[in-house]
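>>> Build me a structure from this.
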Amino acid sequence: MIDTVFIDTSAFVAVYNRKDQYHSQAINILRDLHKIPHLLLTSNYIVSETLTLLLAREGFNSSFRFGKRVFEEKPEFEVKNLDHQDEIDAWQIFKKYNRDKKWSFTDCTSYVLMKNMGINKVFTFDLHDFRQMGFKIL
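Numbers count the residues shown, from 1 in each chain. Take a look at the predicted model:
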């Protein structure tokens, strides 16, 4: 059985932004993930957030490279589009847990997607939030 790993925005930003403090670590993790077959999965919310953060932090070129990989080439990861029910479920998580936490709505969509698909591993550098959610960090 092939293991599924969810890829978060922070991992993509680290891979595509050479100046990111986690760049080398992210490249090594990605290389390790390719050594053993894994299904790498992300969401349309993560793609949107990654494009925006790369543009803001690094500029057009990094954002363009990521977008080109997702939309024009065959990426090594699958992008799952959340539907309206997923968004409603994410809203419920957002309301329930953010009285004492600071999970973004995008993080809540990731939580819903991962729970619904039975995914427990995440490639992220957003350690605090995903640990709070109960997922295993790579």
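>>> use CA for all of it now, contacts and neighbours both
Noted.
>>> So which residues of this protein form strands?
Ranges of strands within the chain are 3-7, 38-43, 78-80, 121-123, 136-137, based on DSSP state E.
>>> average pLDDT for the fourth one?
The pLDDT scores in strand 121-123 average 96.
>>> What of the first one?
In this model, strand 3-7 carries a mean pLDDT of 94.
>>> What of the third one?
Within the predicted structure, the mean pLDDT of strand 78-80 is 96.
>>> Partner strands of it, with direction?
Next to strand 78-80 in the sheet, as set by DSSP bridges, lie strand 38-43 (parallel).
>>> angle of the strand it pairs with against strand 3-7?
Going by axes from the mean of the first three to the mean of the last three CA atoms, to 10 degrees, strand 38-43 is angled at 30 degrees with respect to strand 3-7.
>>> which residues does residue 114 contact?
Residues near residue 114 by CA atoms under 8 Å, 6 or more residues apart in numbering: 6, 120.
>>> Distance from the chain centre to stretch 29-49, please.
Between the centre of stretch 29-49 and the centre of its chain there are 8 Å (CA atoms, centre = their mean, to the nearest Å).
>>> For that stretch, C-alpha coordinates in CSV please.
Extracted C-alpha coordinates of stretch 29-49, given in CSV (Å, rounded to 0.1, in the frame of the first residue of the first chain):
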residue,chain,number,x,y,z
ILE,A,29,12.7,15.7,2.5
LEU,A,30,11.3,15.9,-1.0
ARG,A,31,14.3,13.8,-2.3
ASP,A,32,13.6,11.2,0.5
LEU,A,33,9.9,11.1,-0.4
HIS,A,34,10.8,10.2,-4.0
LYS,A,35,13.0,7.3,-2.9
ILE,A,36,10.0,5.3,-1.6
PRO,A,37,6.7,5.5,-3.6
HIS,A,38,4.3,8.0,-1.9
LEU,A,39,1.2,9.6,-3.2
LEU,A,40,1.9,13.3,-2.7
LEU,A,41,-1.3,15.4,-2.3
THR,A,42,-2.2,19.0,-1.8
SER,A,43,-5.3,21.1,-2.3
ASN,A,44,-6.4,24.0,-4.4
TYR,A,45,-6.3,26.2,-1.3
ILE,A,46,-2.7,25.3,-0.7
VAL,A,47,-1.8,26.1,-4.4
SER,A,48,-3.5,29.5,-4.1
GLU,A,49,-1.8,30.3,-0.8
